[in-house]
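S.K.: predicted model follows, preceded by the sequence.
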Amino acid sequence: MFVRNKTLTLAASAALAAAALASGAARAEDVFKIGLIVPMTGGQASTGKQIDNAIKLYMQQNGDTVAGKKIQVILKDDAALPDNTKRLAQELIVNDKVNVIAGFGVTPAAFAAAPLATQGKIPEVVMAAGTSIITEKSPYIVRTSFTLPQSSTIIGDWAVKNGIKKVATLTSDYAPGNDALASFKERFTAGGGEIVEEVKVPLQNPDFAPFLQRMKDSKPDAMFVFVPAGQGGNFMKQYAERGLDKSGIKVIGPGDVTDDDLLNDMGDAVLGAVTAHMYSAAHPSAKNKEFVAAYKKAFNSRPGFMAVGGYDGIHLIYEALKKSGGKTDGDSLLAAMKGMAWESPRGPISIDPETRDIVQNIYIRKVEKVDGELYNVEFQTFEAVKDPGKAKK
């Protein structure tokens, strides 16, 4: 009798264990995991925080269940160091079994993860990094941020047409800085402009002061500046300390240097800076006004262009999961992402089905004081801009 009961008990236990495993497997299948790799510490920390905030806001507004799948975001801080990025991406893909990797605050980070995305057949959604060739590094990369040539070519044309004849350039010495410089130079010199000084500064912890003195000594009409998001505040502080704001040398460039996230802390030295970029917190659309208000309410700060890259990145993932009917394999998700178009807080955007890169409006903006706060006020729009290098192909 005792033996029989023991056998029944063992059988019942085995059945319960099997049921638990089955329900665990079912639950695992019903969870859609996003590995978010961004810099939350170090010089690019503001980039990671904006992206993380924007994703949280989007999920608050749109729920965490899509096509029957529970969305789980696993946040990892790579401090914008590519060795960290590669290790974290591998752990997320192999151990956590994520369906998508996303974020990537700087280009070397996006490059580091690319072979892993290809090998794992997992979409890599680039929400920040802006070097043109990123999407060519893996057939699984899709970008929702921008490319530096999109804005640098436009500001080059604008400078020529607005009487700027001599320019000194200051750019961060890594791929996006080189992209920005090459695109600007090509358009500016083709229009008859002259580069009178060219300076490249280190990416990590740059001291701009000695370089700024060289800029001042070359007596340009304007300085073309590219530093990554998060470094603009430090640059503008040193620009003012060296008296360049009083010397009549204008600041022009892509919009990273006057990121909305830090703009209010830059002081009046930044007034009059003219940049070309894909987003301003002052963008006048109803959708953007709602986005800015919701972001401010949730995080007590103003969203910058990195926040929009994250907000649109998570939107792309949600919509791809819906469009694929809940299919979670990389090829189905990628097919759904290609050609997708929607209205973003920045304006109308789409994913080019051929290049998997973003197509978007680029706005020329000037830093002005509005109701006592500093804003990038848009005054000219270039519609549906593709990456110029890819547009030629």
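M.R.: Cool, the structure landed. Residues are numbered from 1 along each chain as shown.

S.K.: domain map for this structure?
M.R.: 2-146+286-356, 148-277+362-391 (automatic domain parsing).

S.K.: so where's the stretch 51-200 of the chain shaky on pLDDT?
M.R.: Scanning the stretch 51-200 of the chain for pLDDT under 70 picks out nothing.

S.K.: mind listing the strands for it?
M.R.: 65-66, 69-77, 100-103, 124-126, 141-143, 166-172, 194-201 (DSSP state E, counting those that start in this stretch).

S.K.: now these as a markdown table including mean neighbour count and distance to residue 94?
M.R.: Every residue, glycine included, has its C-beta placed from N, CA and C. Output for the strands of the stretch 51-200 of the chain, formatted as a markdown table (neighbours: other Cβ atoms under 10 Å; distance: least, Cβ to Cβ, whole Å):
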| stretch | mean neighbour count | distance to residue 94 |
| --- | --- | --- |
| strand 65-66 | 14 | 24 |
| strand 69-77 | 17 | 13 |
| strand 100-103 | 30 | 12 |
| strand 124-126 | 30 | 15 |
| strand 141-143 | 27 | 19 |
| strand 166-172 | 24 | 33 |
| strand 194-201 | 16 | 37 |
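
S.K.: nearest to residue 246, of the ones you listed?
M.R.: Smallest distance to residue 246 across the strands of the stretch 51-200 of the chain (Cβ to Cβ): 16.4 Å, for strand 166-172.

S.K.: what packs against that closest one?
M.R.: Counting contacts by 3 or more Cβ pairs under 8 Å, 6 or more residues apart in numbering; DSSP states H and E, strand 166-172 packs against helix 175-190, strand 194-201, helix 209-217, strand 222-226.

S.K.: from residue 144, how far out is residue 360?
M.R.: As for residue 360, its distance to residue 144 is 9 Å (criterion: Cβ to Cβ, to the nearest Å).

S.K.: and if you look at residue 225?
M.R.: 24 Å.

S.K.: go on, residue 118?
M.R.: For residue 118 relative to residue 144 (Cβ to Cβ), the value is 19 Å.

S.K.: which one of these two has more residues nearby?
M.R.: residue 144 (26 against 16; other Cβ atoms under 10 Å).

S.K.: mind checking how far the more buried one is from residue 329?
M.R.: From residue 144 to residue 329 the distance is 21 Å (Cβ to Cβ).

S.K.: for residue 374, same thing?
M.R.: For residue 374 relative to residue 329 (Cβ to Cβ), the value is 46 Å.

S.K.: please apply the same query to residue 143.
M.R.: Distance from residue 143 to residue 329, by Cβ to Cβ: 21 Å.

S.K.: before we move on, back to that, okay, residue 374 and residue 329: which has more neighbours?
M.R.: Using other Cβ under 10 Å, the more surrounded residue of residue 374 and residue 329 is residue 374, with 22 against 13.

S.K.: hmm, the more buried one is touching residue 365, no?
M.R.: No: because the distance of 11.4 Å does not satisfy Cβ atoms under 8 Å, residue 374 is recorded as not touching residue 365.

S.K.: so what sits against both of residue 360 and residue 144?
M.R.: residue 349 (Cβ atoms under 8 Å, 6 or more residues apart in numbering).

S.K.: enumerate every residue touching the nearest residue to residue 378 once chain neighbours are set aside.
M.R.: Spatial nearest neighbour of residue 378, excluding adjacent residues (Cβ to Cβ, 6 or more residues apart in numbering): residue 363 at 4.1 Å. Residues near residue 363 by Cβ under 8 Å, 6+ apart: 276, 277, 278, 279, 280, 283, 378, 380, 381, 382.

S.K.: equivalent analysis for residue 373, please.
M.R.: residue 264.

S.K.: any idea how far it is from residue 271?
M.R.: Distance from residue 373 to residue 271, by Cβ to Cβ: 12 Å.

S.K.: do the same with residue 380
M.R.: Using Cβ to Cβ, residue 380 is found at 19 Å from residue 271.

S.K.: take the strands of the stretch 51-200 of the chain and write them to CSV, including distance to residue 333.
M.R.: Output for those, formatted as CSV (distance: least, Cβ to Cβ, whole Å):
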stretch, distance to residue 333
strand 65-66, 12
strand 69-77, 12
strand 100-103, 7
strand 124-126, 10
strand 141-143, 9
strand 166-172, 33
strand 194-201, 38
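
S.K.: contacting residues for residue 212?
M.R.: By Cβ under 8 Å, 6+ apart, the residues touching residue 212 are 170, 238, 239, 242, 244.

S.K.: in strands, which of those residues fall?
M.R.: Among the contacts of residue 212, the ones falling in strands (DSSP state E) are residue 170.

S.K.: any idea which of the contacts of residue 212 is closest to residue 78?
M.R.: Comparing these against residue 78 with Cβ to Cβ places residue 170 closest, at 26.3 Å.

S.K.: count the neighbours of residue 284 for me.
M.R.: 9.

S.K.: number of nearby residues for the residue nearest to it when sequence neighbours are not counted?
M.R.: Excluding its sequence neighbours, the residue lying closest to residue 284 (Cβ to Cβ, 6+ apart) is residue 378, at 7.5 Å. As a burial measure, residue 378 scores 19 neighbours (other Cβ under 10 Å).

S.K.: again, but for the one 5 residues further on
M.R.: Other residues lying near residue 383 total 10 when counted by other Cβ under 10 Å.

S.K.: surely residue 80 touches residue 39?
M.R.: Yes: between residue 80 and residue 39 there is a contact at 4.0 Å, judged by Cβ under 8 Å.

S.K.: give the residues shared as contacts by these two.
M.R.: Taking Cβ under 8 Å, 6+ apart as the contact rule, residue 80 and residue 39 both touch 47, 105, 106, 109.

S.K.: state the helix or strand in which residue 306 lies.
M.R.: helix 305-323 (DSSP states H and E).

S.K.: any idea how far the helix or strand that comes right after that helix is from the chain center?
M.R.: Sequence order places helix 330-337 as the next helix or strand after helix 305-323, per DSSP H and E. Relative to the mean C-alpha coordinate of its chain, helix 330-337 is positioned 20 Å out (Cα atoms, centre = their mean, to the nearest Å).
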